[in-house]
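Enquirer: Everything below, folded, please.
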Amino acid sequence: MSGRSGSLPPQSDAARRTAGEQVRELLRRSIALKERLIADHAGRVIEIAELCATAIAGGNKLMLCGNGGSAADAQHLAAELLIRLRSNVDRPGLPALALATDSSSLTACGNDYDFETYYARMAETLGQPGDVLIGITTSGRSPNIVRALQAARAKGLKTVGLLGGDGGAALPHCDLALVVPSSETGRIQEAHIAIGHAIMELIEDRLIAAGLIDQPTLPG
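Expert: Presented below is the predicted three-dimensional model:
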């Protein structure tokens, strides 16, 4: 903004029609991208969920990281496992850690070293062999995510990427990756959270089916 404040003028009928078509077009593109993922990448979603469920079954944890909206997605998905995913499934928490939530450590690392080091430092310090690091980056080029994936692999963690575009520099450092075939950040983020929910639901179902977690089903 320019620094000035004031009231918006009334929107014309033509402007409302244009805005309505813009909304419809955005939603159409989002739906088309998800349809493409259904056709081309459902098997990869299952593979990622199986990798994660195997880690949790073996006493390991998931670690998730991203930047900006992808950091929020990492926190969102970690909470689905740690607390609850579905309102009618009441089960113990599952070990998932979002790495962007400690502002003191994050700013200390940025001040004393550099921002790009932070997630790698977390993976090296808190990660254990057999854990899974999930790096989320819409470009696949975020330097701190690339370094985190490299550090995680060096420590013996499995690595998963939720990526976009062509996968970028992150792709070679992922044991499993799902690359959303788009260059639109918003559409990639929408796909990532849908994919993430599918992965978390499959993890939950796999562990319940294996008898590794109790699952009283609640009404609704």
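
Enquirer: for Leu85, what are its contacts?
Expert: Leu85 makes contacts with 197, 200-201, 204, as judged by CB atoms under 8 Å, 6 or more residues apart in numbering. The C-beta positions use only the backbone N, C-alpha and C, and glycine is treated the same way.

Enquirer: Please repeat the previous calculation with a cut-off of 7 Å.
Expert: For Leu85, the contact set (CB atoms under 7 Å, 6 or more residues apart in numbering) comprises 200-201, 204.

Enquirer: can you give me the helices for this structure?
Expert: 13-57, 69-82, 103-112, 118-126, 143-155, 185-209 (DSSP state H).

Enquirer: Adding mean pLDDT as columns, could you present these in JSON lines?
Expert: JSON lines is the format used below for the helices of the chain (pLDDT from 0 to 100):
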{"stretch": "helix 13-57", "mean pLDDT": "96"}
{"stretch": "helix 69-82", "mean pLDDT": "98"}
{"stretch": "helix 103-112", "mean pLDDT": "97"}
{"stretch": "helix 118-126", "mean pLDDT": "98"}
{"stretch": "helix 143-155", "mean pLDDT": "99"}
{"stretch": "helix 185-209", "mean pLDDT": "97"}
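
Enquirer: and those as TSV, adding mean neighbour count?
Expert: Compiled in TSV, those are given as follows (neighbours: other CB atoms under 10 Å):
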stretch	mean neighbour count
helix 13-57	14
helix 69-82	20
helix 103-112	12
helix 118-126	21
helix 143-155	22
helix 185-209	19
